[in-house]
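[1] here is my input, please return the structure:
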Amino acid sequence: MARAQMHHVRVSKLALARSLRLRPALASTVASSAPPADHSPADIRRVARDQFGHPTLRPGQERVIRSLLAGRDVLGILPTGGGKSLVYQVASQLLPGLTVVVSPLLALMKDQTEALDERVEAAELSSAQSGREEQMQLQRIRRGETRLLFVTPERFANRDFVDALRQRPVSLLAVDEAHCVSQWGHDFRPAYLELAGVAESLGRPVLLALTATAGPSTRDEIVEALGLRDPDIVVRGLDRPNLFFEVRRAVHVGDDRRILEAIFRGEEDRYGSPLDEQLREAMQGSGIVYTRTTAAARETAAWLREWGVAADFYHGQRTAKDRDRVQTAFMSGDIRVVAATNAFGLGVDKPDVRFVLHRQTPAGLEEYFQEAGRAGRDGAFSRCTLIHRGADLNKAAFLSNRGLPSAEAVAAVRRSLVLYRPTPLSLIRAQTGLSRSQALRVVAFLDRLGVVRRTARGIRLLRDFNPEDLTAEQRDHLREIEQSRVQMMRHYAEGSGCRRRFILNYLGQEMDAKACLCDNHALGRVDCAEPARPDLTVGRRLQHATLGSGVVEHVENGEITVLFDDGTYRTLDVGFLEREGAIETG
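    Residues are numbered from 1 along each chain as shown. Below you'll find the model as predicted:
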């Protein structure tokens, strides 16, 4: 189609902002089509106790299960090691049909299936199985011999598998590690974006989305992308009082090595007794040192071995055999420390990790807390130390241009969509040469901007557009959002306030404890029990005269941090705003 004949879509900044804050989930007020299961709280506790060996349920678990049994979608934000898997395991035994659990890792699926033993009729389907094993599992599904099935999201591209599921009522579709749907996150998996359509093709069972860490904007994205309908959003256990949060400043070249060496050799006395002794004792246990690059992971492991620490390195570019070897050695205690990129973590269920150190500053606070939160899952005192250099954040922001396809890829998909309406994803791939993941990323991008719609027959173009204009405007706004998130990370790393409160506020929670474990508290820089302003509490909506509407994320020392509806974070001086009459609280 000639350029002059195109009906271009010029996406305004407001439209982009709305798209990035996400459209409301379709039919958000409609309940799941799955009929409710009539079970009492006593039934839930009995199954947890008798079949899974849990005499009590943790905060939030029973509420999630009760909502699922009532036929309501749920988004559960539950801590790592906090019993997320027990939620769908118990529900699977009380629902009439099959429970399908979508997991991002083959190893994690295998571990969970083996851990269930004979307690439930559980199975996994994975690419690691032979064709004969796969066919046997499909037959078991068709005969109704499986109550709980683990698969990766990519499995739904297999027609034989989907046909087998359609022969058996599916009561629950559980999406583990649901933050993988977020195009802002480093764990983004394009196949997760197809799960809303998968649910519809299976008769729309109840949907459960689970993750350990998700701030308000990521929660919105999960709800929209998975098509959750009027979900019960359950947030529990984000406050980890056993974790000691500290930041160490690296100013000169080589400071990061000097700080790490002093920490591992126990040569520091910063806080006085007994805290210094607790920190030294923690460093004698197992731990992870996160780096931003593969080269830094390899270098850090070499330093650790030089200091007499049993260590190895892990990153996504190592062979699968090497990655499995390192992870197995860490889990068994054969090596004490892993120096790793963010490729290491999902599926690493080691409760006694005593420390998580970051040699470089991540680009976002969600990413940082998710990684730091792998320490101390057993509830014992653990150390979370960030070695911060301001320049690291500038590099991290540059490297984290997340989720946005190239103008060339968008243009190639547009040409396919113009020729065939609607266009199956398989045809888009054949015509463009894009991989399935690349094509899904482009389609998700266009769907979010409202220029295409996914249907049962394929992708339908709603109106034509100029790919260069579309991606350029989106990229500009994405850069603005990314910079605001980087500033939140900088505020955490360079601020003198309570670090624990800052993290919890960012995730949409107030801190209800009277004191906390953080360096600023230990050094007397801040009273961590300082109450928030009663008229500007976390979660309160406000209207700014020029920036628009937003939600208060953090209150401290006369300043508020607001997540505005355009997806950006702003830190504002309350006194100035009140004098100017620039804000109204609702």
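[2] got a list of what D176 touches?
    Taking CB atoms under 8 Å, 6 or more residues apart in numbering, we find D176 in contact with K84, S85, V101, V102, S103, P104, L108, L210. Backbone N, C-alpha and C define where each C-beta goes, glycine included.
[3] how close does it get to R189?
    12 Å (CB to CB, to the nearest Å).
[4] overlap in contacts of the two?
    Residues touching both D176 and R189 (CB under 8 Å, 6+ apart): P104.
[5] in stretch 200-217, which residues are buried?
    202, 204-217 (16 or more other CB atoms under 10 Å).
[6] pLDDT on that stretch, on average?
    Summarised as a single mean, pLDDT over stretch 200-217 is 89.
[7] where in the stretch 51-200 of the chain is pLDDT low?
    Along the stretch 51-200 of the chain, segments meeting pLDDT under 70 span 81-82, 106-111, 114-115, 117-118, 183-188.
[8] got the CA positions of stretch 235-242 in CSV?
    The C-alpha coordinates for stretch 235-242 follow below in CSV (Å, rounded to 0.1, in the frame of the first residue of the first chain):
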residue,chain,number,x,y,z
VAL,A,235,-0.6,-9.4,48.7
ARG,A,236,1.0,-11.1,51.7
GLY,A,237,4.4,-11.6,53.3
LEU,A,238,6.5,-9.0,51.4
ASP,A,239,7.9,-7.7,54.7
ARG,A,240,11.0,-9.8,55.4
PRO,A,241,12.1,-8.6,58.9
ASN,A,242,15.0,-11.1,58.9
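[9] okay, buried residues for that stretch please.
    R236, G237, L238, D239, R240.
[10] lowest-confidence entry in the residues you listed?
    Taken together, the buried residues of stretch 235-242 show their lowest pLDDT at G237, with 77.
[11] check which helix or strand covers that one.
    Here G237 sits in a region with no helix or strand, counting by DSSP states H and E.
[12] contact partners for it?
    R58, P59, G60, L78, P79, G82.
[13] which one of those is nearest G390?
    Relative to G390, the closest of the contacts of G237 is P79; by CB to CB it sits at 30.3 Å.
[14] how many residues are close by that closest one?
    Using other CB atoms under 10 Å, P79 has 19 neighbouring residues.
[15] next: the one 4 residues further on.
    Around G83 there are 21 other residues, counting by other CB under 10 Å.
[16] which residue is nearest the centroid of the chain?
    Per CA atoms, centre = their mean, the C-alpha nearest to the average position across the chain is that of H179, at 3.0 Å.
[17] surely it is in a strand?
    No - counting by DSSP: H, G, I helix; E, B strand; the rest coil, H179 falls outside a strand, being helix.
[18] give me the nearest residue to it, chain neighbours excluded.
    T211 (4.4 Å; CB to CB, 6 or more residues apart in numbering).
[19] residue contacts, the one you found?
    G76, I77, E177, A178, H179, I222.
[20] same check on P104?
    P104 is in contact with T152, P153, D176, E177, C180, D187, R189, L346, counting by CB under 8 Å, 6+ apart.
[21] roughly how far apart are L68 and L208?
    From L68 over to L208 (counting by CB to CB), the distance is 6 Å.
[22] what sits in contact with each of the two?
    In contact with both L68 and L208: V74, V87, A91, L172, using CB under 8 Å, 6+ apart.
[23] what's around the closest residue to H491 other than its chain neighbours, how many residues?
    Nearest non-adjacent residue to H491, counting by CB to CB, 6+ apart: T571, 6.5 Å away. For T571, the neighbour count with other CB under 10 Å is 16.
[24] how about T571, phi and psi?
    Dihedral pair for T571: phi -100, psi 120, per degrees, to the nearest 10.
[25] next secondary structure after the helix or strand of the chain with the lowest mean pLDDT?
    When each helix and strand of the chain is scored by mean pLDDT, DSSP states H and E, helix 13-21 comes last, with a mean of 38. If you walk from helix 13-21 toward the C-terminus, the next helix or strand you reach (DSSP H and E) is helix 41-50.
[26] so which elements touch that following helix?
    helix 61-69, helix 84-94 (3 or more CB pairs under 8 Å, 6 or more residues apart in numbering; DSSP states H and E).
[27] quick one: contacts of the longest one?
    The contact list for helix 84-94 (CB under 8 Å, 6+ apart) reads 37, 39, 43-44, 47-48, 51-52, 54, 57, 61, 64-65, 68-69, 76, 78, 99, 101, 112, 116, 120, 147-148, 172, 174, 176, 208, 210, 212.
[28] let's see that with 7 Å instead.
    37, 39, 43-44, 47-48, 51-52, 54, 61, 64-65, 68-69, 76, 78, 99, 101, 112, 120, 147-148, 172, 174, 176, 208, 210 (CB atoms under 7 Å, 6 or more residues apart in numbering).
[29] can you flag the buried ones in these?
    Buried residues within the contacts of helix 84-94, counting neighbours by 16+ other CB under 10 Å: 37, 39, 43-44, 47-48, 52, 54, 61, 64-65, 68-69, 76, 78, 99, 101, 112, 120, 147-148, 172, 174, 176, 208, 210.
[30] count the neighbours of A302 for me.
    12.
[31] helix or strand for it, which one?
    Going by DSSP H and E, A302 is part of helix 294-306.
[32] quick check: mean pLDDT of the helix or strand that comes right after that helix?
    Next along the chain after helix 294-306, taking DSSP H and E as the criterion, comes strand 311-314. Averaged across strand 311-314, pLDDT comes to 97.
[33] on that earlier part again, out of the buried residues of stretch 200-217, which are inside strands?
    V206, L207, L208, A209, L210, T211 (DSSP state E).
[34] grab the nearest non-local neighbour of the third one.
    Translated: L208. That would be A174: by CB to CB, 6+ apart, it lies 4.3 Å from L208.
[35] T99 is in contact with that neighbour, correct?
    Yes - counting by CB atoms under 7 Å, A174 does reach T99; the two are 6.5 Å apart.
[36] state the next helix or strand along the chain beyond the lengthiest helix in the chain.
    With secondary structure taken from DSSP state H, the chain has its longest helix at helix 467-494. Counting by DSSP H and E, the next helix or strand C-terminal to helix 467-494 is helix 499-506.
[37] compute the inter-axis angle for that next one and helix 467-494.
    150 degrees (axes from the mean of the first three to the mean of the last three CA atoms, to 10 degrees).
[38] what is whatever helix or strand comes next after helix 499-506 packed up against?
    Per DSSP H and E, the first helix or strand lying C-terminal to helix 499-506 is helix 519-522. Here helix 519-522 touches no other helix or strand, going by 3 or more CB pairs under 7 Å, 6 or more residues apart in numbering; DSSP states H and E.
[39] give me that answer again for 10 Å
    strand 243-249, helix 275-282, helix 499-506 (3 or more CB pairs under 10 Å, 6 or more residues apart in numbering; DSSP states H and E).
[40] show residues contacting the next helix or strand after the shortest one.
    If I follow you right, that is strand 243-249. The element immediately downstream of strand 243-249 (helix or strand, assigned by DSSP H and E) is helix 255-265. Residues from elsewhere that reach helix 255-265, judged by CB atoms under 10 Å, 6 or more residues apart in numbering: 248-250, 252, 267-268, 270, 279-280, 282-284, 287, 289, 291, 296, 299-300, 303-304, 306-309, 311, 337, 339, 355, 357-360, 383, 385, 387-389, 392.
[41] repeat that with 7 Å
    Contacts to helix 255-265, defined as CB under 7 Å, 6+ apart, come from residues R248, A250, E268, M283, W303, W307, V309, R359, T385, I387.
[42] quick one: buried residues of it?
    D256, I259, L260, I263, F264.
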